[in-house]
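> Below: sequence and its predicted model.
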Amino acid sequence: MSTRLGTFLACAAAVLALDQATKALASTHLLMGQPVRILGEFFRLTLVHNSGAAFGLFPGSRLPFILVSVLAIAVVLFLFARDAYRSLLNRVLLGCILGGALGNLVDRIRWGRVVDFIDVGFGTLRWPVFNVADSAVTLGVILLAWNLARSGRTDPDLESPPGSDFARG
């Protein structure tokens, strides 16, 4: 196995393991819907089960979210194969995205829902409860986009052909 592939898979495995371990701990030690304060009202642990998409949208739609997860995993694997994503940082970020996507996919297949428990906000102004997998995917995508924009590198296979409407802006 190449170092490039090893780094990517190690990051994915680490995120997946951390995600599943923290979800198991939350499920074992927290009571459903009962917040436990960690840093006052700002950071709490609150166990919830999410059968829908992010922010609890479309509850009970299991199969579409499994398919979306599989598609996201395929996109990550496609991007990993591209030259523009070969730097060490990009491999780590793609591995984090893959691990997070796998973490929530495991929950959906196994339980029909995702276990969420990280609860941040002030008073009634709160971010929707999330988990390690959600964090890895969100931060991975944001940092990957930032890193690619910062480096000014693009993947020629993903650019619009000359003369297309997209190339003219």
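Good, I have the coordinates. Residues are numbered from 1 along each chain as shown.
> any idea how far Asn131 is from Gly33?
15 Å (CB to CB, to the nearest Å). All C-beta atoms are positioned from the backbone trio N, CA, C, and that covers glycine.
> what's the nearest residue to the spatially most central residue of the chain if we skip its chain neighbours?
Nearest to the geometric centre of the chain sits Val137, at 2.1 Å (CA atoms, centre = their mean). Nearest residue to Val137, sequence neighbours excluded (CB to CB, 6 or more residues apart in numbering): Gly100, at 3.8 Å.
> Do I have it right that that neighbour meets Gly140?
Yes: with contact defined as CB atoms under 8 Å, Gly100 and Gly140 form a contacting pair (6.7 Å).
> who has more neighbours, the two?
More crowded of Gly100 and Gly140, by other CB atoms under 10 Å: Gly100, with 29 against 23.
> quick one: secondary structure of the residue nearest to Val137?
Using DSSP: H, G, I helix; E, B strand; the rest coil, the structure places Gly100 in helix.
> which residues does it contact?
By CB atoms under 8 Å, 6 or more residues apart in numbering, the contact set of Gly100 is 15, 19, 132-137, 140.
> Make TSV out of those and add distance to Asn90 and pLDDT.
Formatted as TSV, these follow (distance: CB to CB, whole Å; pLDDT from 0 to 100):
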residue	distance to Asn90	pLDDT
Val15	15	98
Asp19	21	98
Val132	21	97
Ala133	20	96
Asp134	21	95
Ser135	18	96
Ala136	15	97
Val137	15	96
Gly140	10	96
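> could you pull out the helices for the protein?
Remark: helices assigned in the chain by DSSP state H are 3-29, 62-81, 88-111, 132-151, 165-168.
> Out of these, which one sits most buried?
Comparing the helices of the chain by mean neighbour count (mean count of other CB atoms under 10 Å), helix 88-111 ranks first with a mean of 21.
> What angle do helix 132-151 and it make with each other?
150 degrees (axes from the mean of the first three to the mean of the last three CA atoms, to 10 degrees).
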